[in-house]
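**Q** The following comprises the amino acid sequence and a computationally predicted model.
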Protein chains: 2
Amino acid sequence: MKPKLTLKQIAKELDVSISTVSKALRDSNEIGEDTRQKIKAFAKLYNYKPNNIALSLKNRKTKTIGIIIPEIVHHFFTTVISGVEKVANERGYNVLVCLSDNSFDKEVLNMEMLANGSTDGFIMSLAKETMQKQDYHHLMEAINHGMPLVLFDRVVDEISCDKVIIDDVIGAKKAVQHLLDIGCKRIGLISTVDYVSVGKLRTKGYKEALQENGVALDEDLILKIEEIENSEREIEDFIAGKKLDGVFAVNEHFAISAIKAIQENGLRVPEDVSVIGFTDGELSKRFIPSLTTVSQHGERMGEEAATMLIEKLERSATEDEHYKTIIVEAGLVTRNSTKS
Amino acid sequence: MKPKLTLKQIAKELDVSISTVSKALRDSNEIGEDTRQKIKAFAKLYNYKPNNIALSLKNRKTKTIGIIIPEIVHHFFTTVISGVEKVANERGYNVLVCLSDNSFDKEVLNMEMLANGSTDGFIMSLAKETMQKQDYHHLMEAINHGMPLVLFDRVVDEISCDKVIIDDVIGAKKAVQHLLDIGCKRIGLISTVDYVSVGKLRTKGYKEALQENGVALDEDLILKIEEIENSEREIEDFIAGKKLDGVFAVNEHFAISAIKAIQENGLRVPEDVSVIGFTDGELSKRFIPSLTTVSQHGERMGEEAATMLIEKLERSATEDEHYKTIIVEAGLVTRNSTKS
DNA sequence: TTTCAACACGAAAACGTTTGCGTCCCAGTA
DNA sequence: TACTGGGACGCAAACGTTTTCGTGTTGAAA
């Protein structure tokens, strides 16, 4: 077990000073041609690689970006990570992943862990509990300490920072409009409680689409799910009574639960009821019938977020202090859960 | 934008030396009671947190574990990460995630990036290309430099290190046995090429189960998929000609493709053909019919891997130099794609 | 022969910690 | 009074870099 080679060891081995080795390896012309070659040859031979930790300490940057998300066993988040990783990798950054488990405390803890030098900046989607408590002091603190922050998906107006979101309202509108276009009259909405911003926004899109098409809003056709655990039951009950011919669900699980419930009621999808879900998961493609969805383009969001963050990191810090919000468009992907 | 508080600043502010501050904060009894209190109060007031990078440099350990996997948009791997993250978090470690994209070169690059001080040890599942080339020099190098390595799922005999695997052979046997038990006579196997170890092992289990039950092996009923891209076509063709009454697929995708193909052939699942897949993905639970699967217990594997790694990290390095292989049992989860 | 620039290299500080050891001062003892 | 011991603190090295600023040597010009 040989320990890692350091500048000091090279210096001793070649009987020069540490600074000479460092300069030679960085091709400084302060060092004579012959010693430079000798040192570089030696370094290559023994596969010298500078120690990242020492570099981080010296440069006060870690070339690492921290990403904190509520959960990872979730297709959307993994696609986002994938996007982040891709551009991070291209630009020489590493990705530190932390999970908040939707818990406010864990989110704060994770941020504190990473903020003490482990990370140059953050990419985050907020925990449900955080949005509920509306306590964002940990975010403020990071920003105050000069750590760039990019929020995605679960964002919040109170914090001014870069953001990457999907046009939830428009996406939902597209979906509902599509349902209307194929002739649906009684369109149900399966959403989440309003403090989850996406739930609120997608509900808004649903309402706007109805309004623009002159369809009266029937609050009775809207189901708001609080506990994910009981969602299947709630959805069954909801589907059973409403005589719907269209369903718009704010996520994939709800959409699939809806389809199951519909089928259990002896109706067919899409012949009797058309169903559209928000989120473009693996499930949607492979389910039978495959789901018509509003695609979130997670990978794209991840790429945008990472690009913004790295750009901010590599700018001279003091420069422009204004924030962008990138809206990635949501696209309707028609498959087999809607009539054509 | 106030920069982070350091020992030096506290020292200046309180007009003591840096070492006094450090010792006071670490409750050394070298420091007088009153100054100690004063310093601790000040530190708490201004929320001092030691800089991780400096600590890493000094202690030569980063409290970070690197995990390198082929891809992240894959349910099994996310559950593993989830497990790793859980125990890492409990024990004060961070998790650095890198994706190899199944490319040998990216895997090597990632390892080199992380090996230079970013990480104390590795948890890896090997890239397909790596297993193909059988080039493990990067793994050897990490081990030689004293960085513990835990391999999971896609492991390899040539490397001696800790491993976490599933009993693929037994798992596959369980599945095929179950198919035999419910009366299947012509059981097809949809596998991968043999250099993917799991493909080989699960194939072995398939063969053993048949043999133990006195069923003659018909190589014609075995399909080996090379390119994931064309898998659907290949599976369709395979299913069409064989008159199977049972199918065992080595992963979820193949299983679902098989079900689709079966249904397109006018047959019913599970009435006419029973299907079992390896891997316990989200898809399996929610697909219609929901899939009978051999569960891999990814989270459990992640936990085991992380525990082994951390234990090795925190032992005095020189201690026992023997390696464990943990085998987590694969459980059959019967759902609706098999007759009962 | 003296002077001076150019060249090639080394010393040292800095990043933020921890820690072994030295030093100062004061009280207690002989 | 002189010596000793210990309490309370500071110095400095170390982790592995990079970089600024010396410094010594050489060769050529005056």
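**A** That came in fine, so what should we check first?
**Q** neighbours of the closest residue to A:S160 other than its chain neighbours, just the number please.
**A** Once flanking residues are discounted, A:S160 sits nearest to A:Y323: 5.5 Å by Cβ to Cβ, 6 or more residues apart in numbering or on different chains. (Each C-beta comes from the backbone N, C-alpha and C, glycine too.) Number of residues near A:Y323 (other Cβ atoms under 10 Å in any protein chain shown) recorded here: 16.
**Q** Provide the secondary structure category for A:Y323.
**A** coil (DSSP: H, G, I helix; E, B strand; the rest coil).
**Q** Roughly how far does it sit from DNA strand D?
**A** A:Y323 is 30 Å from DNA strand D, where distance means Cβ to the nearest atom of the strand, to the nearest Å.
**Q** Next one: the most centrally placed residue in chain A from B:V108, what distance?
**A** The structure's chain A has its C-alpha centroid closest to A:V80; by Cα atoms, centre = their mean the separation is 4.4 Å. Going from A:V80 to B:V108 by Cβ to Cβ, to the nearest Å gives 26 Å.
**Q** does A:I31 really touch A:V21, like I thought?
**A** No. A:I31 is not in contact with A:V21 according to Cβ atoms under 8 Å; the separation is 9.0 Å.
**Q** Can you give me the neighbour number for the residue of the stretch 101-250 of chain A found nearest chain B?
**A** The shortest separation between the stretch 101-250 of chain A and chain B is 4.0 Å, found at A:G117 (distances taken as Cβ to the nearest Cβ). One way to gauge burial is a neighbour count; for A:G117, by other Cβ under 10 Å, it gives 22.
**Q** Spatially, what comes nearest to A:V97 if we skip its sequence neighbours?
**A** Per Cβ to Cβ, 6+ apart, closest to A:V97 is B:V97, 4.6 Å.
**Q** and the one you found, bridged to which residues?
**A** Applying DSSP bridges to B:V97 gives these bridge partners: B:I67.
**Q** After the helix or strand that contains A:E304, which helix or strand is next?
**A** For A:E304, the enclosing helix or strand under DSSP states H and E is helix A:298-314. Counting by DSSP H and E, the next helix or strand C-terminal to helix A:298-314 is strand A:325-328.
**Q** Strands of the stretch 101-250 of chain A, residue ranges please.
**A** Secondary structure of the stretch 101-250 of chain A (DSSP state E, counting those that start in this stretch): strands located at A:121-124, A:149-152, A:162-166, A:187-192, A:222-225, A:246-249.
**Q** Quick check: closest non-adjacent residue to A:H74.
**A** Take A:H74 and drop its neighbours on the chain: the residue closest to it by Cβ to Cβ, 6+ apart is B:T78, 7.6 Å away.
**Q** ugh, typo on my part, it should be A:M131
**A** Computed as Cβ to Cβ, 6+ apart, the closest residue to A:M131 that is not its neighbour in sequence is A:Y195, at 5.6 Å.
**Q** cool, A:M124 as well?
**A** Of all residues not flanking A:M124 in the chain, A:I68 sits nearest, at 4.6 Å (Cβ to Cβ, 6+ apart).
**Q** residues from the stretch 1-150 of chain A in reach of DNA strand D?
**A** Within the stretch 1-150 of chain A, the positions near DNA strand D by Cβ under 7 Å from any atom of the strand are A:3-8, A:18-19, A:22-23, A:25-26, A:30, A:48, A:50-51, A:53-55, A:57-58.
**Q** Could I have the PyMOL command that selects the buried members from the residues you listed?
**A** One line in PyMOL is enough to select the buried members of those, burial here meaning 16 or more other Cβ atoms under 10 Å in any protein chain shown:
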select buried, chain A and resi 4+5+7+22+23+25+48+50+51+53+54+55+57
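**Q** The residues of the stretch 1-150 of chain A next to DNA strand D in helices, which ones?
**A** A:L7, A:K8, A:I18, A:S19, A:S22, A:K23, A:L25, A:I53, A:A54, A:L55, A:L57, A:K58 (DSSP state H).
**Q** Reformat the residues you listed as a markdown table; add pLDDT.
**A** Supplementary listing: those in a markdown table, determined by pLDDT from 0 to 100:
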| residue | pLDDT |
| --- | --- |
| A:L7 | 96 |
| A:K8 | 96 |
| A:I18 | 96 |
| A:S19 | 95 |
| A:S22 | 96 |
| A:K23 | 96 |
| A:L25 | 96 |
| A:I53 | 97 |
| A:A54 | 97 |
| A:L55 | 97 |
| A:L57 | 96 |
| A:K58 | 96 |
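**Q** Distance to B:F254 added to the residues you listed, as TSV?
**A** Conversion of those to TSV gives the following (distance: Cβ to Cβ, whole Å):
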residue	distance to B:F254
A:L7	52
A:K8	54
A:I18	57
A:S19	59
A:S22	54
A:K23	57
A:L25	50
A:I53	44
A:A54	48
A:L55	45
A:L57	49
A:K58	51
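**Q** Map the structural domains onto the sequence of chain A.
**A** Dividing chain A into domains by automatic domain parsing, as the record does, gives the ranges A:7-50, A:60-166+A:298-327, A:168-297.
**Q** A:L313 touches A:F122, doesn't it?
**A** No. Judged on Cβ under 8 Å, A:L313 makes no contact with A:F122 at a distance of 10.9 Å.
**Q** if we can go back for a sec, report how many residues lie close to the residue nearest to A:M131.
**A** Applying other Cβ under 10 Å, we find 12 other residues in the vicinity of A:Y195.
**Q** Give me the distance between it and DNA strand C.
**A** Taken as Cβ to the nearest atom of the strand, the span from A:Y195 to DNA strand C is 37 Å.
**Q** repeat for A:P70
**A** Distance of A:P70 to DNA strand C, given as Cβ to the nearest atom of the strand: 30 Å.
**Q** quick one, phi psi at the residue lying closest to that residue once chain neighbours are set aside?
**A** The shortest distance from A:P70 to any non-neighbouring residue, by Cβ to Cβ, 6+ apart, is to A:N102 (4.5 Å). Backbone torsions of A:N102, given as degrees, to the nearest 10, read phi 60, psi 20.
**Q** Surely A:N102 is in contact with A:I69?
**A** No. Under the contact definition of Cβ under 8 Å, A:N102 does not touch A:I69, with a separation of 9.6 Å.
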